[in-house]
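Asks: no letters, just coordinates:
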């Protein structure tokens, strides 16, 4: 990445068949679907991609299929962090050899700034690939303070992007913009604070929201200085953003929406993840009837 990473990047769930086996055909179809929706990049093998539930061979296959489906039209980033630095390096090297454009790397499970700095430094030096720091303490249990983020930006060549998911995200974005104006900042958290983050100086978003065209419409409106249109779409979409990002069942909802959109064949989530059920489908149908995504853009 020679330039700042901007725009709307989608975290991709890994499709499975009803028996829980990797569904490569659906994955290929989903990546192509997202490309045609106009996303600026995709990420595979993240938490939403159920990477911890995939074997090493399956992980390589997911990346291979995603890169093949993207066919150079958009970059494919891969989750590659690990609890151990050497393992993270090995995973990163494998992902880059597999065609990844860069790596999404969560911090190690050690709340010490020196350890965290050395972790990213060693990965960057060994892999020589763009690294996107994943700042999501709700999942990682690790806080990345703004001064540490700024230090990494200034001293580690490969670390130029942060996926910021430490709420409240707005004040931290403001702080980071003051400390390192050239840092690429991408929001997340299902898009629930996307417009606020853009107004604070974010460059875009990297999240799993399954109507990324809504996020694209908000982003396009904002960068052409049509704040009123960006507000209209964002605030109209808030009920859907809120519902889909629910802890525990969010992945099942993401997959069910993609299934209903014809992008994948089943909404199966590998155990012990929650499955979609009749009541969730009823709630989702009720929400989509009240808040139809296609109308939010076309009105």
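Replies: Good, I have the coordinates. Source: prediction; values computed, not measured.
Asks: from now on I want contacts and neighbour counts done on CA atoms only, so please keep to that.
Replies: Noted.
Asks: stretch 15-30: end-to-end distance?
Replies: By Cα to Cα, to the nearest Å, the extent of stretch 15-30 from end to end equals 9 Å.
Asks: gap between it and the chain center?
Replies: 19 Å (Cα atoms, centre = their mean, to the nearest Å).
Asks: give me the contacts around that stretch.
Replies: 14, 58, 62, 65-66, 68-69, 255, 263-270 (Cα atoms under 8 Å, 6 or more residues apart in numbering).
Asks: right, and the helix or strand after the lengthiest helix in the chain?
Replies: Looking across the chain with DSSP state H, the single longest helix is helix 227-244. Downstream of helix 227-244, the next assigned helix or strand under DSSP states H and E is helix 250-260.
Asks: would you mind getting the angle between the following helix or strand past that next one and helix 227-244?
Replies: Next in sequence after helix 250-260, counting helices and strands by DSSP H and E, comes helix 278-290. Interaxial angle, helix 278-290 versus helix 227-244 (axes from the mean of the first three to the mean of the last three Cα atoms, to 10 degrees): 170 degrees.
Asks: and helix 278-290, what does it pack onto?
Replies: Judged by 3 or more Cα pairs under 8 Å, 6 or more residues apart in numbering; DSSP states H and E, the packing partners of helix 278-290 are helix 227-244.
Asks: flag every buried residue along the helix it packs on.
Replies: Buried positions in helix 227-244, judged by neighbour count with 16 or more other Cα atoms under 10 Å: 229-231, 233-234, 236-237, 240-241, 243-244.
Asks: likewise for stretch 260-273?
Replies: 263-270.
Asks: pLDDT weak spots in the stretch 151-299 of the chain?
Replies: Applying pLDDT under 70 to the stretch 151-299 of the chain flags residues 298-299.
Asks: which strand or helix spans residue 9?
Replies: Short version, using DSSP H and E: residue 9 is in strand 7-11.
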